[in-house]
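Asks: fold the following for me, if possible:
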Amino acid sequence: MMCRLRAAFSLWGWFEVAATRLIALHKNKGKSVAACLKSRTDYAQNLDKTEQGQFVSSYKCSPLTVDEEFMLSKRQYELVTGRRQKNDVIAYQIRQSFRPGEITAEEANKVGYELAMRFTKGKYAFLVATHTDREHIHNHIIYNSTALDCSRKFRDFLLSGLAVQRLSDLICLEHQLSVIEKKPYRERQKRIVYPPKESNRDRLCGIIDTILADKPGSYEEFLKKLEQQGYEDKRGKHTAVKDKGQKRFIRFRTLGTGYGEDEIKAVLEGKAKHQPYQKQPLKEQSFQLLVDIQGKMAEGKSVGYKKWATKFNLKEMSKTLLFLQEQKIGSAEELRERAAAATERYHAMGDSIKAAETRLAEIAVLKTHIINYAKTRPVYDAYRKVGYSKAFLEAHREEITLHKAAKAAFDEAGLQKLPKVKELGVGCGVCRTADQEESILLGLPQGTERDARTGSCAEKRRTLFCRGKGHHRKNADPINEYRRGLFPLGRCPRRIFVYAAGLRCWIYSVKTQSYSLPVTASKSTPCFCCPVFSGGERQSFFT
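Replies: Numbering: from 1, shown residues only. Predicted coordinates:
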């Protein structure tokens, strides 16, 4: 016996036995309490469902006057307690189902009576009606919400439905009836496959196939067999038929190949062979943009994954729809044109980025050689004045080597006049990108950015140490790290911050006095526009 089942009746008439559950019966809008009680009890005691009332039992009430007795107890409750019922619950119902063929109606009524008696403990009047109109026998147990002594109401406590289910399982086991085995949550399954829908045309084609398989003698006999199946025919230029539930006639010639009037007559005369219509399966897509939920579930994914995948697919579809609406794309052809243009633009931007990167590397190398040339020129001039002395060369080999390498690079590049470092470009390119990103994210004032980029060294320091939010302050890692570590929860006073930042910058400049630039180019080539390398710091950097 399946005392509790997980699903109720479906739209197509399929069924699994219903769950043993506790249901609160409420007062219907526009009806009195007495009328509602009568309609509920009359349905439970339906003669067609209970075999002429044979399987109806009750406790402390008569099945013929159960609604009036329930109503009388409610009136007495108001007189005894002086309280009126606040909610609209008039009674409670327990539905109990059994596995088909496992129990008789008489035994089921006894099991239901025992369940009601043990659950209510004999303090509430109830009615037990056993229905046999379905393949599975089930009980409708209705008990009054007012106690027999009219002093209290039934309190629908927390998890009362679970208590009824467990009590029902216990009673069924005592009577040697089967119950539903409890399964872990991840192993539970719901019916998600429903019978395929059949259109009126598909149904008509199937009936025609059946009739032609019987080989009727003539076309008139064929139409008579259609009438026996419930179809109405209409003669005219084209023969059409209609089922009882249909609004419009269907012509044979619209059913497809093999179902036209002439084709059917040819089959009946033996001139042709009938080929039943078969639906073509849907073409499988070569790729899937969304998550294949059915395939993932077949692989053993959990119910939680299905819920996530469903939400993910809906979000992606909504994003796609919003994008198409924003871009004003109304057809697949327009989408292809946009995609081709975007691809072309992507490749062009990629080529320009590669060229820019190559140019940045060349500029970095050239900057390095210009700086080395300027630093080592006095030493090389002195070396030339002493007549290229070997002793002087050994004493200043590093400076002279850097000077010669810079001159060779200039000759290779074909430079007639040495450009200034500022003319080669402001910043390293990375800083500029950081400026743009931070201005977008933080909404920085334009004046602060302009001071940080194009102002003098003193202006850059003031911009760095003030409350302005430029990218240079962000790139000054030692200062920012100090500020974040010292004041993580709020802004520090300006004077304290200026003093701490200045001290930190001085320490940093002392540490970098012995630093020298490499000759080869690198992506990490320092940016000379940054405040850390401006002014006095730049002088200590190159000395």
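
Asks: separation between Gly206 and Thr257?
Replies: Separation of Gly206 from Thr257 (CB to CB, to the nearest Å): 16 Å. From N, CA and C alone the C-beta is placed, and that goes for glycine too.

Asks: what about the most centrally placed residue in the chain, distance to Gly304?
Replies: For the chain, Lys311 is the residue whose C-alpha lies nearest the centre (CA atoms, centre = their mean; 2.1 Å). In this view, Lys311 and Gly304 are 11 Å apart by CB to CB.

Asks: repeat for Ile400
Replies: Look at Ile400 and Gly304: by CB to CB, they are 73 Å apart.

Asks: looking at Gly206 and Thr257, which is more packed in?
Replies: Each of Gly206 and Thr257 has its neighbours counted (other CB atoms under 10 Å); Gly206 has more, 13 against 8.

Asks: residues of the strand or helix carrying the more buried one that come out buried?
Replies: Using DSSP states H and E, the element containing Gly206 is helix 200-213. For helix 200-213, burial by neighbour count (16 or more other CB atoms under 10 Å) applies to 204-205, 207-208, 211-212.

Asks: what of stretch 263-276?
Replies: 263-264, 267-268, 274.

Asks: tally of neighbours for Arg152?
Replies: Arg152 has 15 neighbours, counted by other CB under 10 Å.

Asks: so who does it touch?
Replies: Thr146 (CB atoms under 8 Å, 6 or more residues apart in numbering).

Asks: try it again at 10 Å.
Replies: Applying CB atoms under 10 Å, 6 or more residues apart in numbering to Arg152 gives the contacts 77, 80-81, 123-124, 145-146.

Asks: equivalent analysis for Ala405, please.
Replies: 368-369, 372-373, 376, 519.

Asks: now it, what's its secondary structure?
Replies: Per DSSP: H, G, I helix; E, B strand; the rest coil, the local secondary structure of Ala405 is helix.

Asks: and it, how far from Glu399?
Replies: On the measure of CB to CB, Ala405 and Glu399 end up 11 Å apart.

Asks: in terms of helices and strands, where is Gln325?
Replies: helix 303-326.

Asks: C-terminal to that helix, what's the next element?
Replies: Going down the chain from helix 303-326, the next helix or strand is helix 332-385, by DSSP H and E.

Asks: how far is that following helix from where the chain is centred?
Replies: 44 Å (CA atoms, centre = their mean, to the nearest Å).

Asks: mean confidence score for that helix?
Replies: Averaged over helix 332-385, pLDDT sits at 87.

Asks: can you give me the buried ones in the helix or strand following it?
Replies: The helix or strand immediately downstream of helix 332-385 is helix 390-395, counting by DSSP H and E. Judged by neighbour count (16+ other CB under 10 Å), helix 390-395 contains these buried residues: Phe392.

Asks: what's the mean pLDDT across helix 390-395?
Replies: Throughout helix 390-395, pLDDT has a mean value of 86.

Asks: what helices or strands is that helix leaning on?
Replies: helix 332-385, helix 397-413 (3 or more CB pairs under 10 Å, 6 or more residues apart in numbering; DSSP states H and E).

Asks: what about the residue nearest to Leu268 when sequence neighbours are not counted, how many neighbours?
Replies: Leaving aside its sequence neighbours, Leu268 sits nearest to Tyr219 (CB to CB, 6 or more residues apart in numbering; 5.9 Å). Counted with other CB under 10 Å, residues neighbouring Tyr219 total 14.

Asks: for Ala240, same thing?
Replies: Neighbour tally, Ala240, other CB under 10 Å: 19.

Asks: again with Glu221
Replies: 14.

Asks: you'd agree it is up against Leu212?
Replies: No: Glu221 lies out of contact with Leu212 (CB atoms under 10 Å); the separation is 11.4 Å.

Asks: overlap in contacts, Ala405 and Glu399.
Replies: Contacts common to Ala405 and Glu399, judged by CB under 10 Å, 6+ apart, are 372, 376.

Asks: helices of the stretch 151-300 of the chain, start to end?
Replies: 160-174, 200-213, 219-228, 261-268, 293-298 (DSSP state H, counting those that start in this stretch).

Asks: out of the ones you listed, the one nearest Ala105 is which?
Replies: Checking those against Ala105 by CB to CB gives helix 160-174 as the closest, at 15.7 Å.

Asks: buried set for that closest one?
Replies: Quick answer for helix 160-174 (16+ other CB under 10 Å): 161, 164-165, 167-169, 171-172.

Asks: what packs against that helix?
Replies: Here helix 160-174 touches strand 21-26, strand 89-97, helix 105-120, going by 3+ CB pairs under 10 Å, 6+ apart.

Asks: ends of stretch 176-187, what's the gap?
Replies: Across its full length, stretch 176-187 reaches 26 Å between end residues, using CA to CA, to the nearest Å.

Asks: okay, buried residues for that stretch please.
Replies: 177, 179-180.

Asks: just the mean pLDDT for it, thanks.
Replies: Rounded mean pLDDT across stretch 176-187 is 78.

Asks: burial measure for Ile137, as a count.
Replies: The local packing of Ile137 (other CB under 10 Å) involves 26 other residues.

Asks: same thing with Glu412?
Replies: Applying other CB under 10 Å, we find 8 residues neighbouring Glu412.

Asks: where in this protein is pLDDT low?
Replies: 1-19, 188-195, 279-289, 421-543 (pLDDT under 70).

Asks: circling back: from the buried residues of stretch 263-276, which is closest to Gln327?
Replies: Using CB to CB, Glu263 comes nearest to Gln327 of the buried residues of stretch 263-276, at 49.8 Å.

Asks: chain neighbours aside, what residue packs nearest to the closest one?
Replies: Nearest non-adjacent residue to Glu263 (CB to CB, 6+ apart): Ala272, at 6.8 Å.

Asks: is that neighbour in contact with Gly258, as I believe?
Replies: Yes: Ala272 is within contact range of Gly258, at 8.7 Å (criterion: CB under 10 Å).

Asks: what is in contact with these two at once?
Replies: Residues touching both Ala272 and Gly258 (CB under 10 Å, 6+ apart) are 264, 266.

Asks: list the contacts for the residue nearest to Leu268?
Replies: By CB under 10 Å, 6+ apart, Tyr219 lies in contact with 239, 261, 264-265, 268-269.

Asks: need those in a markdown table (columns: distance to Tyr43).
Replies: Listed next are those as a markdown table, based on distance: CB to CB, whole Å:
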| residue | distance to Tyr43 |
| --- | --- |
| Thr239 | 48 |
| Glu261 | 51 |
| Ile264 | 50 |
| Lys265 | 54 |
| Leu268 | 53 |
| Glu269 | 58 |
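
Asks: that's a helix at Ser57, yeah?
Replies: No: applying three-state DSSP, one finds Ser57 to be strand, outside a helix.
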